[in-house]
Structure formats: structure tokens, C-alpha cells
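Participant: Provided below for reference: sequence and predicted model.
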Amino acid sequence: MRFSFFSSDKWDLNAVQPPWGDRTSIYQHILANIRPGEPGLGEQGDQLPDDEIVRGDNQLRWAPGALDGVFGHHGGGGEPEDVATNILESFRALTKKSTTERAASLYNLLVENSALSYVDQLIEAVFGHDDLELPRLYEIAHWLATGAADREPIKCAISLLGVCQGGDDRDLLLTLGRHEEFTLFASVALKNTGDEPELSLWALACLVTGWGRIQIIERLAETKDEQIKAWLLREGYHNDILYEYTALICAKTGELSIALLTPDPDDKLLRGAGAILTALIQGHGGPVEGIEAYEAGPAATELYLMHLQTRDLDLQGFNNVARIDQFLKEDSNETEDFTQGWKERSATLLALTNAILSRPGWEQMVRDGLDSDDRQTFWTATEAARQLGLDAWDVYFDRVKRGEDLWHFLAQTKDNDRIDRVITLAEETLPLNEIASGPSDSLGIGPEFEHHNALSYVLQELRRFPGKGWPLIRTGMQSPVVRNRSMAVMALAAWDRTTWPNEAEPLLRSAIALEPNEQTLEIMVKTIDQSV
């Protein structure tokens, strides 16, 4: 590859009119929303300046980094060589002559294409090109990374910074990577730069909690650093997406079974062990490998439960032990592909779980938790109540009356008296006239659809109670939210025709004439045909 540090033509990016115009730089947006001492950027920081452009008319909002994360884990399209070639040629043209037209041409190409689809091939092409001025390519990448107002050009720029190595960009990459939309790209770039890339990856992992952390944990799977291994077991497993994505790596790389051999493990290690083991159990048959892939699982579980025998536990600890107990009694007996060790240790493990679950005081702790104003405490208590078989319906009812969004729990009842109370509460508290504003293709996403979503939870259960809640079904059939209309008609379809109110069929026929969603229209037509 030819390196040219000098050129007879004047080449100056500062003389080029930025193709993003006067729009806010994403880099400056991230800097402005950093919260010292806290990971992430907060809700306002997560909303990038190009969000409305990216979404367009699509109401579906992906979490930062989710689109790249899902495609990275569950497959996506191929990596088109022609796109990579066109982009490389556009970069090369700009390195030859710095003009506003060439910069705009490159930028438009970068905006129009997902970086994830071509960036690997682009990097390979950069290394294989013999007519590319790397110092200028680096300068362009740095210019895009710090100035661009659109996400895809920044992702490409970050990737190039990782291979051009024209300066010390660690702080820049850590800043950009703090937003989960860019963490995957920043982590790859950091791994390609610096003398201690693992420490840089670890630093970035501590700054993110979503898809970005998952992607970094995967890149730390081979680490031998004892500090990082300890962190994986105590904090690294934690993410806002799904613990199953990180649990196996953290257990294996962090050597959980060995760490639990210590006579007096710290509380963080035990909390982490409980979360990791239950995530592995939960993950069996899920999107990633679960407990069946962890050979040390039986030994680690026994050590974990032995340590808990002399510890005071909170409700999360109770939930962890209850999930292990359920696995030992039900799941492991139904599965043949587990590593050896579970059946041999089953009696010992069950004796350990029983000793914990039979402790006095759990029910009172659950009731206290259900009354808590702290949301995390409350949700932990709801799971513990389920494990203990406690009936918490009245608690949910009282909290919904106070304005909390727990309609999902409330409507899940088989009791006729209780569903009557739910229907009455919904009719008294939900603005039914406002909800019945007419059909549209709305997905019902956003805080403005809070009442529509509450109605959906009730509607989906009314199919089990023929003749009950017609005002709610009538409202749902006229809602702008597709899910409301579908749930309302499916409830009506589940009822015997003799239980339909007189106005049901005329309203359904009117709804068919106005329905904009094909799938919902199909449900409506099928329902009216069956009723004839």
C-alpha cells in the first residue's frame, strides 16, 4: 500500500462545506448528555439528532444498538461487495481532491447504507488497496466521527479509525461508544488499537448497559485478566436486554465454579452467581446456549447453595433459589442433553434449596415488597408471590386504582366477580370516548397510548367471559390502535352468537368497511361470516 504524505494539490477538509449542513453533531450531542459517574446517556441522550429521519413514518422505535444487535445475533442480510467497493472509491476520490461535491457524494452513500452490512468488506478492501492515502483517509474518518449528524457515517468512520491508526482516538471512541448505537463499532475499533485493548473494552463496558455491553462481553470471552474476570461475575453479566446473552460467557470466562470455592465469598459474587445460574437455567432452549452448555453447572450450583445456608437473603435471592428448585424438580428430568452431574447431585441440591425455601418469614417479606413504592422491589415481590402461590390480585387492583399500569396482572383472573370489578374499573377510569376516535394503522407506541394499551390487556382476556365488557369491546373496535381492534374482535369471535349485544353485528359490519389493516380486516370478515 502506498503512503503519500505530500501532494502538489492543496487538500484541506476545512475548506469543504460539511454535507450535514448546520445540523447538530452527534458527537457533541453525546458529550452534552454524559452523566458523570453513571453509565449510558439517559433518555434524552439516547434520542439521537437523526432519530426522526431514520424512523420516517415508521412508528416502531428500536432501542439504541438493538437493530445491529439483533442482526448480529440472529442473522441479517449479506454484506454487499458492490456497496463496499462504491464507498471505498468515494473515499479514495475525496482523498485525491477535497471538494464539497465529493464530500457530499461520499456522505450520501454512507447515509443510504447500513454500515453493518458492508463494513467488514470495506476494511478488507482498505488493506488490499494499493492507491489509497491512509493519512487522508484517517482525517476524513475523524472529520466524520466528530462532525457528522447521521449515525451510519459515524459507524463507518469509527471502523476506519480502528484500522487507520492516525492518532490516539481512545477517548473519542469511548465517548462515541457510550451511546449504544455505536458501541459495537467502537468496541471493534478499540480492540484493534492501543497497547491494552482489553482494558479499553472493559472501560467501555462499564459505560453501557444494553446491547453494547452484550457485544463487549463477547469480545472479552478470551480474557485472562483477573480484574476483568472478577468483574464479569459481579457486574458484567448485568444488562438491560437479556441476561441469557451474557451468562454463559461470564460463568466460563470468569470461572464461576472456581470463584465459589473461596470459603467466604463477597455478597456481590453471590448475587452475581445467582443471577448467572438462573439466567443459564432460563436460557435453555432460548436464543443462546443455556445451562446445558455449562459443564461446571452442577458443581457451581451446589457451592452457591451451600454458601447461602448461612446468609440472610432478600427476595431476589429467594427467587433465584426457587428457580433452581423448580429446575431440579421439573426441567432437568425432562431433558436428556445435560452434562453429567445433575442427577448425581440432585438429592443434595434439593436438600439445600428446601432448607432455604422453608425458612420462616418469606410470606411477610413478599407482602412488604408488594406494598413498596420502589418499582424494582415491587416486581421482585410479584415473582416471589408467584413462586409461593400467594394471591396478590387485591394488591394489583388497589395499585391500578391509584394509577399504576398493572392492568396485565389484573385482567389475568378466572374469577367472574373479579373480572366484573376489572371491567367496572376500566369503564370508570379509561377515557373510552377519546380512545374510540376511529381506525388507523397506529401501533400504539408511546406514552400518549397509555390508555389504549391498558384497554388491550383487558380486551385480550374478555374472550374467556362471554357477554361481559361490551362497552370496552365497542371502544376497542373503534380505536386507532390496531391491537385494540384485533383484540376486541377476537373477544367477540370467541363468544357464542347468542351472547352478542344487538348492536354488535351492525358495528362490526361498519368496522369492516373502514378497517385499514389487512390482518385485522381478515379477522373481522371471518368473525362476521361465522356469526351468520
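Facilitator: Received it, and whenever you're ready, just let me know what you need.
Participant: For the protein, give me the ranges with low pLDDT.
Facilitator: The chain contains residues with pLDDT under 70 at 1-9, 56-79, 166-167, 194, 331-340, 531-532.
Participant: domains of it?
Facilitator: The record's domain split for the chain, according to automatic domain parsing, is 1-220, 222-359, 400-531.
Participant: Could I get the ones you listed in CSV, plus columns for mean neighbour count and distance to Asp391?
Facilitator: Every C-beta, even on glycine, is put in place using the N, C-alpha and C of the backbone. Output for these, formatted as CSV (neighbours: other CB atoms under 10 Å; distance: least, CB to CB, whole Å):
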stretch, mean neighbour count, distance to Asp391
domain 1-220, 18, 34
domain 222-359, 18, 17
domain 400-531, 17, 10
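Participant: Now render these as JSON lines, adding distance to Asp394.
Facilitator: Shown next, in JSON lines, are the domains of the chain (distance: least, CB to CB, whole Å):
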{"stretch": "domain 1-220", "distance to Asp394": "33"}
{"stretch": "domain 222-359", "distance to Asp394": "19"}
{"stretch": "domain 400-531", "distance to Asp394": "9"}
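Participant: Go through the ones you listed and name the closest to Leu388.
Facilitator: For the domains of the chain, distance to Leu388 was read as CB to CB. The smallest value, 8.2 Å, belongs to domain 222-359.
Participant: Report the distance from that closest one to the chain centre.
Facilitator: 22 Å (CA atoms, centre = their mean, to the nearest Å).
Participant: First-to-last residue distance for that domain?
Facilitator: Using CA to CA, to the nearest Å, the end-to-end distance of domain 222-359 comes out at 40 Å.
Participant: go on, stretch 38-49?
Facilitator: 22 Å.
Participant: before we move on, the earlier item: out of the domains of the chain, nearest to Leu370?
Facilitator: domain 222-359 (10.1 Å).
Participant: Quick check: Gly37 is in a strand.
Facilitator: No: counting by DSSP: H, G, I helix; E, B strand; the rest coil, Gly37 is not part of a strand but coil.
Participant: So which residues of this structure form strands?
Facilitator: Remark: no strands are assigned in the chain by DSSP state E.
Participant: which residue is nearest the middle of it?
Facilitator: Nearest residue to the geometric centre of the chain (CA atoms, centre = their mean): Ile241, 3.6 Å.
Participant: ok, that residue touching Trp211?
Facilitator: Yes: at 6.0 Å, Ile241 and Trp211 qualify as touching, with contact defined as CB atoms under 8 Å.
Participant: Please name whichever of the domains of the chain is nearest to Thr380.
Facilitator: domain 222-359 (4.8 Å).
Participant: returning to that earlier point: Glu383 is nearest to which of the domains of the chain?
Facilitator: domain 222-359 (5.1 Å).
Participant: give me phi/psi at the residue nearest to the centre of the chain?
Facilitator: phi -100, psi -70 (degrees, to the nearest 10).
Participant: re earlier: just so I know, which of the domains of the chain lies nearest Asp371?
Facilitator: domain 400-531 (11.7 Å).
Participant: Check the offset of that closest one from the chain's centre.
Facilitator: On CA atoms, centre = their mean, the centre of domain 400-531 falls 28 Å from that of its chain.
Participant: Same question for stretch 127-142.
Facilitator: 35 Å.
Participant: Of the domains of the chain, which is nearest Asp373?
Facilitator: Closest among those, using CB to CB: domain 400-531, at 10.1 Å.
Participant: on that earlier part again, nearest to Leu390, out of the domains of the chain?
Facilitator: Of those, nearest to Leu390 by CB to CB is domain 222-359, at 12.0 Å.
Participant: Just confirm Trp211 contacts Phe185, I think it does.
Facilitator: No: with contact defined as CB under 8 Å, Trp211 does not reach Phe185; the gap is 11.9 Å.
Participant: isn't Glu181 right up against Leu48?
Facilitator: Yes: the pair formed by Glu181 and Leu48 meets the contact definition of CB under 8 Å, at 6.6 Å.
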